[in-house]
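Visitor: sequence? don't have it. structure:
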C-alpha cells in the first residue's frame, strides 16, 4: 500500500473500486487486522487499534463479509448466524439462547426463514452470501466491510442487494464500506462516496458522481484517456 489515508463516518456508505490488483482486498485486510501494518496507524472511534488482532477488532465493532462465503456447511443457517452474535461486539455479554434469538431476527431480515434449520452448505451461492451478511450483522458492527457482495449477481439481484444494504445502514446505524468490482451501476446507486484505488494507491476519494466522471478514473478503467474513446 502507498500512503493511503481515508476516513469514514457513522452512517456513511463508501464504495471502494479499482482494477484487479489495485490493492482493495489488501486494504480490507489491513483494516480488519488480517495483515499487520508496516507503517501508519488505524484509528477506530478515537482508539488506536493498529496493533490489535482481527478478533479484538471484531469485538470492538468491525465486521466483514468475504467475496466467497464459507459457512459452516453442516451447521444450520440459524447456528451459522448465531456464531456471529457470540463472537461479535456483544459476545461476552450474551448466552447461547440470546445468540439464537438474535440469529432469528437476522434470518427474518434476510428473508431466509424457510431455510432456518437447513444445513448452510446446501444453500445457493446468493443465499450463502446473505447468510454471511446476516452473520456479520449479528456481530453488531459499527463498521461493516463488504467484499464483493454483489459479484456474480444478475441486475435484479444487484438492485435488491443495493436496497438491502441501504436498509441495514438506516436501521442498524452503521458505516458500510463496500468493495465493488466493475459494477458501476451499483456504485452509483449505493455509495455517497467512492474511493478509487490504482496500483496500491489512492487515485480518487470524492463524492460518487464526481469520482465516476473523473478523467483519471475513466482512464484507469478504460485503459486510455477519455478523449481517445471514440478515436
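Guide: That came in fine, so what should we check first? Note that this is a predicted model, so its numbers are computed, not measured.
Visitor: contacts and neighbour counts: CA atoms only from here.
Guide: Noted.
Visitor: Which secondary structure element is home to the spatially most central residue of the chain?
Guide: Centroid check for the chain by Cα atoms, centre = their mean gives residue 146 as the closest residue, at 1.1 Å. Element membership of residue 146, judged by DSSP states H and E, is strand 143-147.
Visitor: Flag the shaky bits of this protein, pLDDT-wise.
Guide: 1, 91-92, 221-231 (pLDDT under 70).
Visitor: for it, longest helix please?
Guide: Identified as the longest helix of the chain according to DSSP state H is helix 155-172.
Visitor: Who are the packing partners of that one?
Guide: Applying 3 or more Cα pairs under 8 Å, 6 or more residues apart in numbering; DSSP states H and E, one finds that helix 155-172 makes contact with helix 184-190.
Visitor: Strand partners (parallel or antiparallel) of the following helix or strand past the helix it packs on?
Guide: Later in the chain than helix 184-190, the nearest helix or strand by DSSP H and E is strand 193-198. Strand 193-198 has the following strand partners under DSSP bridges: strand 13-17 (parallel), strand 201-207 (antiparallel).
Visitor: Following element in sequence after the first one, please.
Guide: Translated: strand 13-17. Immediately after strand 13-17, counting by DSSP H and E, sits helix 24-31.
Visitor: Can you give the distance of that next one from its chain's centre?
Guide: Averaging C-alpha positions (Cα atoms, centre = their mean, to the nearest Å) puts helix 24-31 11 Å from its chain's average.
Visitor: Domain ranges for the protein, per the record?
Guide: 1-61+141-231, 72-139 (automatic domain parsing).
Visitor: looking at those, which is buried most?
Guide: Highest mean neighbour count among those (mean count of other Cα atoms under 10 Å): domain 72-139, with a mean of 20.
Visitor: Endpoints of that domain, how far apart?
Guide: 16 Å (Cα to Cα, to the nearest Å).
Visitor: quick one, what contacts residue 176?
Guide: The contact partners of residue 176, taken as Cα atoms under 8 Å, 6 or more residues apart in numbering, are 11-14, 143-146, 169.
Visitor: okay if I get those as TSV plus distance to residue 20?
Guide: Below are the contacts of residue 176 laid out as TSV (distance: Cα to Cα, whole Å):
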residue	distance to residue 20
11	28
12	25
13	22
14	19
143	24
144	22
145	18
146	17
169	27
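Visitor: Nearest to residue 48, out of those residues: which one, please.
Guide: residue 143 (15.1 Å; Cα to Cα).
Visitor: Surely the closest one touches residue 61?
Guide: Yes. Contact criterion Cα atoms under 8 Å: residue 143 and residue 61 qualify, at 6.3 Å.
Visitor: one step back: between the strands paired with strand 193-198, which one is nearest to residue 39?
Guide: strand 201-207 (14.6 Å).
Visitor: Need the residues that contact that closest one.
Guide: 1-4, 22-23, 192-197, 211, 216-217.
Visitor: ok, now stretch 159-175?
Guide: Residues contacting stretch 159-175 (Cα under 8 Å, 6+ apart): 8-13, 141-144, 150, 176, 186, 189-190.
Visitor: could you redo the last one with a cut-off of 7 Å?
Guide: For stretch 159-175, contacts defined as Cα atoms under 7 Å, 6 or more residues apart in numbering pick out 9-13, 142-144, 186, 190.
Visitor: and it, how far from the chain's centre?
Guide: Here stretch 159-175 is found 11 Å from its chain centre; the criterion is Cα atoms, centre = their mean.
Visitor: Kindly report the same for stretch 39-48.
Guide: 19 Å.
Visitor: How about stretch 37-51?
Guide: 19 Å.
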